[in-house]
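>>> Sequence isn't available, so here's the structure alone:
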């Protein structure tokens, strides 16, 4: 097995994603563009998306990281719009886009067109989260987009399976399709509910951080595989487990949380970078064998499908936003009158991604050995739709948000809330410290007791200082200065330790112990001031 293409993909995509952080262009778009450019360089191997790899091996960890970083409470508060988008919109888009494609290409059977509709129906979890993070959307819109992208893959995959069964003549019925959808949704949720408590118990009771992180890496695959084994939705199972574990993460040992955060950031960075690069690298694959539809005809089909995909989302989002308040006084009282700007952003933030391409590549040959009707055309249209939404909508979304002047997160109000929360926690900690020190069994010399109190005081004051004035000479806030001085002082200690090691006064094992102690102190100083 030649691993060099895989190593080149990971290394190249990571380098481009890192470079994107220094440009105003979102990393997903730069990676897709680089993939498109590289795909025709001489000597570049063919990177064909294998659905047997993407769906069970790439999708679970990407969903898991997105779900653990989401808020269960926020998602529950926005359950209605999330459900309308992740279920209602996906089904609506499946039928609307499929029907239009059937009219556009009469030789394409309606069932095969519905297969394509299901393929391009779900916006991508990775793209939505990456762009929402970059443009600073209001928290409610971000929650809705994240919630939709976490659950819509399950709806799309189920709709795809039902439409595919009908297209290849397996006798699918409407009743059977509804039953399969309910089995996937309810079964996936049930598997997640069954697994989440035992998995959380293991996370709490396994005290070794390395074992904890190994368990953490296995969790999304276990949840996905278990659900798929009983013909339920692995996507929903992963999301349910991840939301629960993220909500209860505070119960896990601090060392595990620190290591786990670093591990999953690395995993998410590598996978997201490789996924978007893979999208661009698919161009030679989808163009190969396009056949009689190549050229201007295929380009015309791609343009029409792209416009329809974008328009269908607007046709769903505005009624789904405005009708519930009109029909329910309770919703109207709780949420007020919805404006037009928020729905517009939600409708425009419908980028498609690697899941659509992976599902498209899973369209099989029929039992007779003949190609699925116009399979290569469907692959091409999926590719152009994914690229079109990523480029057109992804590039224009930041400008759109600025032009609409949506309310950005109030950083001062957030800092004030953080300071009040820290003040309450510090008071409780100080009270507990006084109780502990009053017990003779916990007697400490005065310097050490004062040090404990000073740490609490510093932690409490650090947040309030962010609301204060900046240094007129350096332009730094007080906590920025504190952070800089802490690092310089610790750096001086670190240099001495290295010199002592080089002089053979201490050995490397002792150096590692001392450096780790300084690293933890530097991390504590950084987090105190951040």
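Thanks, I have the structure now. Not measured: the values here are computed from a predicted model.

>>> Can you name the element that comes right after the worst-scoring helix or strand of the chain on mean pLDDT?
One helix or strand of the chain scores below all others by mean pLDDT, DSSP states H and E: helix 125-135, with a mean of 65. Per DSSP states H and E, helix 125-135 leads on to helix 139-167 as the next helix or strand towards the C-terminus.

>>> residue contacts, the nearest residue to residue 71 once chain neighbours are set aside?
Nearest residue to residue 71, sequence neighbours excluded (C-beta to C-beta, 6 or more residues apart in numbering): residue 143, at 6.9 Å. C-beta: built from backbone N, CA, C; applies to glycine. Contact analysis of residue 143 by C-beta atoms under 8 Å, 6 or more residues apart in numbering lists 70-71, 74-75, 77-78, 82.

>>> Repeat that for residue 196.
240-241, 244-245.

>>> Let's see that with 6 Å instead.
By C-beta atoms under 6 Å, 6 or more residues apart in numbering, residue 196 lies in contact with 241, 244.

>>> mind checking which helix or strand it is in?
Per DSSP H and E: helix 174-205 holds residue 196.

>>> For residue 256, give me its contacts.
Applying C-beta under 6 Å, 6+ apart to residue 256 gives the contacts 209, 212.

>>> picking up where we left off before, so for the residue nearest to residue 71, what's the pLDDT?
We have a pLDDT of 87 for residue 143.

>>> Repeat that for residue 269.
pLDDT, residue 269: 88.

>>> what does residue 1 give?
pLDDT at residue 1 comes out at 47.

>>> same deal with the one 5 residues further on?
Predicted confidence (pLDDT) for residue 6: 82.

>>> With residue 370 instead?
53.

>>> same thing with the one 5 residues further on?
Looking at residue 375, its pLDDT stands at 84.

>>> Repeat that for the one 10 residues further on.
Residue 385 carries a pLDDT score of 94 in this model.

>>> contacting residues around the nearest residue to it once chain neighbours are set aside?
Nearest residue to residue 385, sequence neighbours excluded (C-beta to C-beta, 6+ apart): residue 120, at 5.0 Å. Applying C-beta under 6 Å, 6+ apart, we find residue 120 in contact with 309, 352, 356, 385.

>>> go on, residue 255?
residue 209.

>>> If you count neighbours, what's buried in the helix or strand where it lies?
Residue 255 belongs to helix 254-281 when elements are defined using DSSP H and E. When neighbours are counted by 16 or more other C-beta atoms under 10 Å, the buried residues of helix 254-281 are found to be 256, 259-260, 263-264, 267-281.

>>> what does stretch 485-499 give?
Buried, per 16+ other C-beta under 10 Å, within stretch 485-499: 486, 490, 494, 497.

>>> thinking again about what came up before, find me the pLDDT at the residue nearest to residue 385, would you?
pLDDT at residue 120 comes out at 94.

>>> Over to residue 490?
For residue 490, the model assigns a pLDDT of 86.

>>> Quick check, it in contact with residue 522.
Yes. Counting by C-beta atoms under 6 Å, residue 490 touches residue 522, with 5.0 Å between them.

>>> what stretches of the protein score poorly on pLDDT?
Scanning the chain for pLDDT under 70 picks out 1-2, 125-134, 169-175, 289-294, 365-371, 409-411, 463-472, 475, 477-479, 525-530.

>>> Once you drop chain neighbours, what's closest to residue 65?
Closest to residue 65 by C-beta to C-beta, 6+ apart is residue 268, at 4.4 Å.

>>> Residue 285 too?
residue 48 (5.3 Å).

>>> Can you give me the neighbour number for the one you found?
Residues within reach of residue 48, counting by other C-beta atoms under 10 Å, total 13.

>>> same check, this time on residue 178
11.

>>> Next: residue 46.
Counted with other C-beta under 10 Å, residue 46 comes out at 11.

>>> three-state assignment of it?
Here residue 46 is recorded as coil under DSSP: H, G, I helix; E, B strand; the rest coil.

>>> so what's it up against?
No residues are in contact with residue 46 under the rule C-beta under 6 Å, 6+ apart.

>>> for it, phi and psi?
For residue 46, the backbone dihedrals are phi -80, psi 120 (criterion: degrees, to the nearest 10).

>>> cool, residue 43 as well?
Main-chain torsions, residue 43, degrees, to the nearest 10: phi 90, psi -10.

>>> And residue 213, by the same measure?
phi -70, psi -30.

>>> Then residue 351?
Torsion angles, degrees, to the nearest 10, at residue 351: phi -70, psi 140.

>>> How about residue 507?
Dihedral angles (degrees, to the nearest 10) for residue 507: phi -100, psi 180.

>>> For it, which non-adjacent residue is closest in space?
Per C-beta to C-beta, 6+ apart, closest to residue 507 is residue 501, 7.2 Å.

>>> what distance separates the helix or strand hosting that neighbour from the centre of its chain?
If you go by DSSP H and E, residue 501 is part of helix 478-502. Offset of helix 478-502 from its chain centre (C-alpha atoms, centre = their mean, to the nearest Å): 36 Å.

>>> which element follows that helix toward the C-terminus?
Counting by DSSP H and E, what follows helix 478-502 is helix 508-529.

>>> now for that following helix, which elements pack on it?
In terms of contacts (3 or more C-beta pairs under 6 Å, 6 or more residues apart in numbering; DSSP states H and E), helix 508-529 is packed against helix 446-465, helix 478-502.

>>> gap between that helix and the chain center?
The answer for helix 508-529 is 31 Å, by C-alpha atoms, centre = their mean.

>>> burial measure for residue 232, as a count.
Residue 232: 23 neighbours (other C-beta under 10 Å).

>>> looking at it, it is touching residue 190, isn't it?
No. Counting by C-beta under 6 Å, residue 232 does not reach residue 190; the two are 7.1 Å apart.

>>> can you list residues touching both of these two?
Between them, residue 232 and residue 190 share no contacting residue, judged by C-beta under 6 Å, 6+ apart.

>>> so which helix or strand takes in the residue most central in space within the chain?
When C-alpha atoms, centre = their mean is applied to the chain, the residue found nearest the centroid is residue 66 (3.4 Å). Taking DSSP H and E as the definition, residue 66 sits inside helix 59-68.

>>> swap in residue 116?
Element membership for residue 116, per DSSP H and E: helix 110-120.

>>> quick one: that helix to helix 139-167, angle?
150 degrees (axes from the mean of the first three to the mean of the last three C-alpha atoms, to 10 degrees).

>>> buried sites along helix 110-120?
Quick answer for helix 110-120 (16+ other C-beta under 10 Å): 110-120.

>>> Distance of the residue nearest to residue 507 relative to residue 518?
13 Å (C-beta to C-beta, to the nearest Å).

>>> Please say which of these two ends up with more neighbours.
Ranked by neighbour count (other C-beta under 10 Å), residue 501 and residue 518 place residue 501 first, with 18 against 15.

>>> Please report the distance of the more buried one from residue 523.
From residue 501 to residue 523 the distance is 22 Å (C-beta to C-beta).

>>> Check the separation of the first and last residues in stretch 71-86.
Across stretch 71-86, the terminal residues are separated by 17 Å (C-alpha to C-alpha, to the nearest Å).
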